[in-house]
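Visitor: Need coordinates for the below:
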Amino acid sequence: MKRCLVTGGTGFVGANLVRQLLRDGHAVHLLVRPEHAAWRIEEIRSDVRLHLLDLSDAQAVSKTIGEIKPEWIFHLAAHGAYSWQTDIARIFQTNLIGTIHLVEACLNTGFEGFIHTGSSSEYGFKDHAPGETEGLEPNSHYAVAKASATLYCRYTAQAQKANITTLRLYSAYGPYEEAKRLMPTIIRHGLRGEWPPLVNPDTARDYVYVEDVCDACILAAQTAPREFGAVFNLGSGRQTTLREVAEIARRVLGIKAEPQWGTMPPRTWDTSIWRADSRKIQADLGWRPRHGFEDGFSRMVAWQRNR
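Guide: This is a model prediction of the structure:
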């Protein structure tokens, strides 16, 4: 059993990771903002320890980490990943300053593994699947903050010889996802035999099922690093177009209506090429996704039906 600390544990990926850690028998502590949304953890609230604080408060972070002395840290707290999160100051406070405060506090107590979640948006728009050493061209304030946090974690890990690993997440989906996101929206409409407004069908993403993301986080925490400050792309290695998503949704949900393409305006981050080069994480951590997109989508639909 490990003492685990999770930031962002009331978020989509975090709520899934917390459940997996509990199933594996670990003791789980969550750092959560006082105004956090608790709906994702209501069923497991009695199984975890909640610590209310803001990561921008360095003193509070240091005090709490000193009390917990976590062995594994999973830093999933983020702000700015959703289109409606546009407060630039908060984006940098959460993704960069909060990361610095957390890392420094954990270095003081010592730890076995610190997992920082980065973002594929750090690369910016590419016409190929970028490798981890490729130059960064972040395409939003969020991406700039994430790229800065990754560089800070990498440098600090190398300078302190600490096991701090960054997982650059591609498009995670699955249970407990934010209701406004694409997959929950398609499922919600699809269960009524309808389609939501959709953008260009050639828009593509590398979708990775959330259980596979959680597997990677735990593997990274328990694996001795080949290099301090390692960065891994966490994606399936296969991109799926929105047209393919619609075809799968039609089969799984039995939708008879035709999707109306272009009824939603394009977003600034839409692209027809978005795929992870996942060779490094496969070689170094032995991680491979267990779920293809249709399997993961079907599991998400079953979860939604049960709720």
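Visitor: For the stretch 151-300 of the chain, just list every one of the helices.
Guide: Taking DSSP state H, counting those that start in this stretch, the helices of the stretch 151-300 of the chain run over residues 182-190, 210-222, 242-253, 279-285, 293-306.
Visitor: go on, the stretch 1-150 of the chain?
Guide: Along the stretch 1-150 of the chain, the segments classed as helices by DSSP H, counting those that start in this stretch run 12-23, 58-68, 88-92, 98-109, 141-160.
Visitor: Compare those helices and give me the one nearest residue 239.
Guide: helix 141-160 (18.5 Å; Cβ to Cβ). In short, each C-beta sits where N, CA and C put it, glycine included.
Visitor: Name the residues of the closest one that are buried.
Guide: Residues of helix 141-160 classed as buried by neighbour count (16 or more other Cβ atoms under 10 Å): 141-154, 156-157.
Visitor: Then stretch 161-168?
Guide: Per 16+ other Cβ under 10 Å, stretch 161-168 contains these buried residues: 162-168.
Visitor: Between those residues, which sits nearest residue 86?
Guide: Of the buried residues of stretch 161-168, the one sitting nearest to residue 86 (Cβ to Cβ) turns out to be residue 168, at 22.3 Å.
Visitor: just checking, that closest one touches residue 129?
Guide: No. Using Cβ atoms under 8 Å, residue 168 is not in contact with residue 129, being 11.8 Å away.
Visitor: okay, and the common contacts of those two?
Guide: Overlap of the contact sets of residue 168 and residue 129 (by Cβ atoms under 8 Å, 6 or more residues apart in numbering) consists of residue 276.
Visitor: Next up, the contacts around residue 263.
Guide: Residues in contact with residue 263, defined by Cβ under 8 Å, 6+ apart, are 197-198.
Visitor: Correction: the previous question concerned residue 116.
Guide: Listed by Cβ under 8 Å, 6+ apart, the contact set of residue 116 reads 75, 99, 103, 149-150, 153, 164-167.
Visitor: Widest-spaced pair of those?
Guide: Longest span within the contacts of residue 116, Cβ to Cβ: 103 and 167, 15.2 Å.
Visitor: just the contacts of residue 116 now: which is nearest residue 109?
Guide: Distances from residue 109 to the contacts of residue 116, taken by Cβ to Cβ, are shortest for residue 103, at 11.4 Å.
Visitor: Could you list the domains of the protein?
Guide: Following automatic domain parsing, the chain resolves into domains at 3-173+209-237+275-291, 182-205+238-274+294-306.
Visitor: any chance of those in a markdown table, with mean pLDDT too?
Guide: Formatted as a markdown table, these follow (pLDDT from 0 to 100):
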| stretch | mean pLDDT |
| --- | --- |
| domain 3-173+209-237+275-291 | 96 |
| domain 182-205+238-274+294-306 | 93 |
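Visitor: So which of these is the most surrounded?
Guide: Here the criterion is mean neighbour count by mean count of other Cβ atoms under 10 Å, and of those the winner is domain 3-173+209-237+275-291, at a mean of 19.
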